[in-house]
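K.L.:
Any chance you could fold what I've pasted below:
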Amino acid sequence: MIHDLAGWSKVLELMPTAMFIRDARHRWVLVNRMGCEYFGIHPDEVIGRSDSELFPPDQAARFAAGDDAVLRSHEVVETEETVTDLQGRVRTLLTRKTCVELDGTPHVLASVTDITELRESEAHVRWLACHDALTGLSNRTALFSRLDAAIARAAGGGGKAALFYLDLDGFKRVNDTYGHLAGDELLVQFGTRLRNLVAPGDTVARIGGDEFALLVEDGGDLDIEAVAEKILVLASMPFDVPANTAFIGTSVGVVPIDADAVAAGEMARKADSALYEAKRARNRHVIYTNELDNALAHRRKVEIALRQALRTGEGLDCYYQPLVRASDGKVIGFEALARWRHAELGAVPPVQFIGVAEETGLIGALGEWILRTACMRLAPMGDMFVAVNVSAVQLRDDRFAAMVLNALAESGLPPHRLELEITETAIVNADSTTVRLLKNLRRDGVRISLDDFGTGYSSLTLLKDLDVDKVKIDRSFVQMAPFADDSAAIVRAVSNLGAALGLCVVAEGVETEQQRAFLREAGCDELQGYLFSAAVPQEGIDRVLGFFPANEPVYSAG
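P.N.:
Numbers count the residues shown, from 1 in each chain. Next up is the predicted model:
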């Protein structure tokens, strides 16, 4: 062990990072060459001086407190903080400190790593994931996440809200007459007008080309009619676009969010139905009512038929979409997907009957049927894993964990071959009971996969707290990654994050060899999509086993 200054000086000079030593009175006694380069100092400028002489008082006090903690505990302490260096630059530093004996007295040995660019990059990725690049407004993903939260508050007796869907009337004419730059400028100006109309805590989103949405919280005095009329006025005012003045209008569909509100997708559908009705006459607003469309009656019919199917099993099926290893194209597992064909309704889209199941409380029975069916089918298949989607509604059932373990025991499928896929939004909005349930399942060997990663409000804290095994990059980023810089940045960032945290990274929605090549180069571990195979019935599993090498024909379900 080194106990003298000369010895430490030689060692620290060999270190590839900034390092320094301070004594118990917080005076600098040694700084290596890398430290001098990093801080932009000469050793003579700091040796013998204390932090209080070099840094702002609050910053020096934090440094001193950290040193004192290390000197008392004699343990390694790692901290991350934002500081202002001697040149006035604001940086984010990762500092590791430990106590060493130097000439018979305790000193603090510290190493400093600048992670400013890393944190800025992470913040930019998070911003890209939930904002519209043109207007800076929230995007559809952010809107739906906040809509889920508003629905939860309303269901719990909290504040009400209202969802407004807007579609610009005459926008195509502006693009065709004045060009796309004028159209883009109009969108930016209209977004600013909407933002100024509502309170800071309300949500303004651009959800399509010329489609916008507002989620307005009700503080007890929300006048839906008045807000809708103000939107119409804002849209009718002239827009100053490059070298011209443009005029448009807008149509508005509105749905109140109260204690009877259901899933975000259903609220969006209702707002969209009201918008569709408004656009029949244009430049007006329509508030949703149950009489607006026939879809409600159809959903009732779907619910009745689904209840019957869950009792008898008739028409329900489980399809399987392969997941392949990115490095060599080998099929290593399957995602189980619910399918349903009804004698009268025909093939009912999953998004429709699963939404109905969530709204009506049938999702527990449907999810259990899919889980048990998939476990039974995959159990005899060697090391193949099976991934099963789990609804946020299921996670609120305190019997869910017991059901999963029972299904594994009955099928003989080892827990490590089961992956439960949970959406990022569902996890962010989960309570402590749900988080504890998932941790318990993981301790029993079940793997947890975070679906649609990058589209919500995920963070390193979320990944650490849940201790997930896998993240799936949403298909919206995957499909644009080879030729859109923002999507490519997100894919690379998630891949690097996964590698750093020891997580498996999956890219879904892979449809072209170009996407495949990019994703493999970006560091994704597993791939899934129509490039390899659509979801197949259980009798078709054997046809998609093996390898999917690049640039060779792939199987497509008929």
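K.L.:
which SS state does V70 fall under?
P.N.:
helix (DSSP: H, G, I helix; E, B strand; the rest coil).
K.L.:
and the closest residue to it other than its chain neighbours, helix, strand or coil?
P.N.:
Nearest non-adjacent residue to V70, counting by C-beta to C-beta, 6 or more residues apart in numbering: K97, 4.6 Å away. C-betas here are computed from N, CA, C, even on glycine. Per three-state DSSP, the secondary structure class of K97 is strand.
K.L.:
Would you enumerate the residues in contact with K97?
P.N.:
Applying C-beta atoms under 8 Å, 6 or more residues apart in numbering to K97 gives the contacts 66-67, 70, 76-79, 108-110.
K.L.:
And for T434?
P.N.:
Going by C-beta under 8 Å, 6+ apart, the list of residues near T434 reads 395-396, 427.
K.L.:
re the thing from before, what's across from the residue nearest to V70 in the sheet?
P.N.:
On the basis of DSSP bridges, K97 is bridged to V77, A110.
K.L.:
Over to the one 5 residues further on?
P.N.:
Under DSSP bridges, the beta-bridge partners of L102 are T105.
K.L.:
distance of it from L12?
P.N.:
12 Å (C-beta to C-beta, to the nearest Å).
K.L.:
any residues in contact with both of those two?
P.N.:
What both L102 and L12 touch, as defined by C-beta under 8 Å, 6+ apart, is the set I21.
K.L.:
what's the following helix or strand after the helix or strand hosting A152?
P.N.:
Here A152 sits within helix 140-155, counting by DSSP states H and E. Next helix or strand after helix 140-155 toward the C-terminus (DSSP H and E): strand 161-169.
K.L.:
list the buried ones in the helix or strand following that following strand?
P.N.:
Following the chain from strand 161-169 toward its C-terminal end, the next helix or strand by DSSP H and E is helix 171-178. Buried residues in helix 171-178, counted by 16 or more other C-beta atoms under 10 Å: 171, 174-175, 178.
K.L.:
circling back to that earlier point, could you single out the nearest of the contacts of T434 to Q59?
P.N.:
I427 (35.9 Å; C-beta to C-beta).
K.L.:
okay but D272 is in contact with G253, surely?
P.N.:
Yes. Assessed by C-beta atoms under 8 Å, D272 is found in contact with G253 at 6.4 Å.
K.L.:
okay, and the common contacts of the two?
P.N.:
In contact with both D272 and G253: Y165, using C-beta under 8 Å, 6+ apart.
K.L.:
More neighbours: which of those two?
P.N.:
For D272 versus G253, the count of surrounding residues by other C-beta atoms under 10 Å is larger for G253: 26 against 20.
K.L.:
Just grab the bridge partners of that one for me.
P.N.:
Here G253, judged by DSSP bridges, has bridge partners Y165, V286.
K.L.:
how near is the nearest residue to F55 once chain neighbours are set aside to A336?
P.N.:
Spatially, and ignoring its direct neighbours in sequence, F55 is nearest to F63 (6.9 Å; C-beta to C-beta, 6+ apart). Separation of F63 from A336 (C-beta to C-beta): 54 Å.
K.L.:
what does A261 give?
P.N.:
From A261 to A336 the distance is 30 Å (C-beta to C-beta).
K.L.:
again with L450
P.N.:
Taking C-beta to C-beta, one finds L450 at 17 Å from A336.
K.L.:
burial of L362, as a residue count?
P.N.:
If we define neighbours as other C-beta under 10 Å, then L362 has 19 of them.
K.L.:
hang on, I meant G48
P.N.:
Neighbours around G48, by other C-beta under 10 Å: 11.
K.L.:
ok, now V478?
P.N.:
By other C-beta under 10 Å, neighbour count at V478 equals 27.
K.L.:
for the strand or helix carrying V255, what is the average pLDDT?
P.N.:
Assessed by DSSP H and E, V255 sits inside strand 249-257. In this model, strand 249-257 has a mean pLDDT of 95.
K.L.:
low-scoring pLDDT stretches of the stretch 401-550 of the chain, where are they?
P.N.:
In the predicted model of the stretch 401-550 of the chain, residues 425, 428-431, 454-466 satisfy pLDDT under 70.
K.L.:
Helices of that one, start to end?
P.N.:
424-428, 432-443, 460-466, 475-480, 485-501, 513-522 (DSSP state H, counting those that start in this stretch).
K.L.:
Identify the residues contacting the longest one?
P.N.:
Applying C-beta under 8 Å, 6+ apart, the external contacts of helix 485-501 come out as 121-122, 124-125, 128-129, 133, 453-454, 460, 463, 471, 473, 476-482, 503-505, 507, 518-519, 522-525.
K.L.:
Give me the ChimeraX select line for those, limited to the buried ones.
P.N.:
Selection of buried members from these for ChimeraX, criterion 16+ other C-beta under 10 Å:
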select :122,125,128,129,453,454,463,471,473,476,477,478,479,480,481,482,503,504,505,507,518,519,522,523,524,525
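K.L.:
was I right about V471 contacting F453?
P.N.:
Yes. In this structure, V471 is within contact of F453 by C-beta under 8 Å, at 4.1 Å.
K.L.:
Enumerate every residue touching I354.
P.N.:
338, 363, 366, 391.
K.L.:
Out of those, which is nearest to I151?
P.N.:
S391 (14.4 Å).
K.L.:
My read is that that closest one contacts I370, right?
P.N.:
No. Look at S391 against I370 with C-beta under 8 Å: they stay out of range, at 10.7 Å.
K.L.:
how much space between F532 and Y165?
P.N.:
36 Å.
K.L.:
Which one of the two is surrounded by more residues?
P.N.:
Higher neighbour count among F532 and Y165: Y165, with 27 against 22, using other C-beta under 10 Å.
K.L.:
Verify the stated contact: the more buried one with D210.
P.N.:
No. Judged on C-beta under 8 Å, Y165 makes no contact with D210 at a distance of 11.9 Å.
K.L.:
can I assume A274 sits in a strand?
P.N.:
No. Per three-state DSSP, A274 lies outside any strand segment and is helix.
K.L.:
Name all residues that make contact with it.
P.N.:
A274 neighbours (C-beta under 8 Å, 6+ apart): 165, 253-255, 286-288, 292.
K.L.:
which ones are touching the closest residue to it other than its chain neighbours?
P.N.:
When the adjacent residues along the chain are set aside, A274 lies closest to G253, with 3.1 Å between them (C-beta to C-beta, 6+ apart). G253 is in contact with 164-166, 271-278, 285-286, 288, counting by C-beta under 8 Å, 6+ apart.
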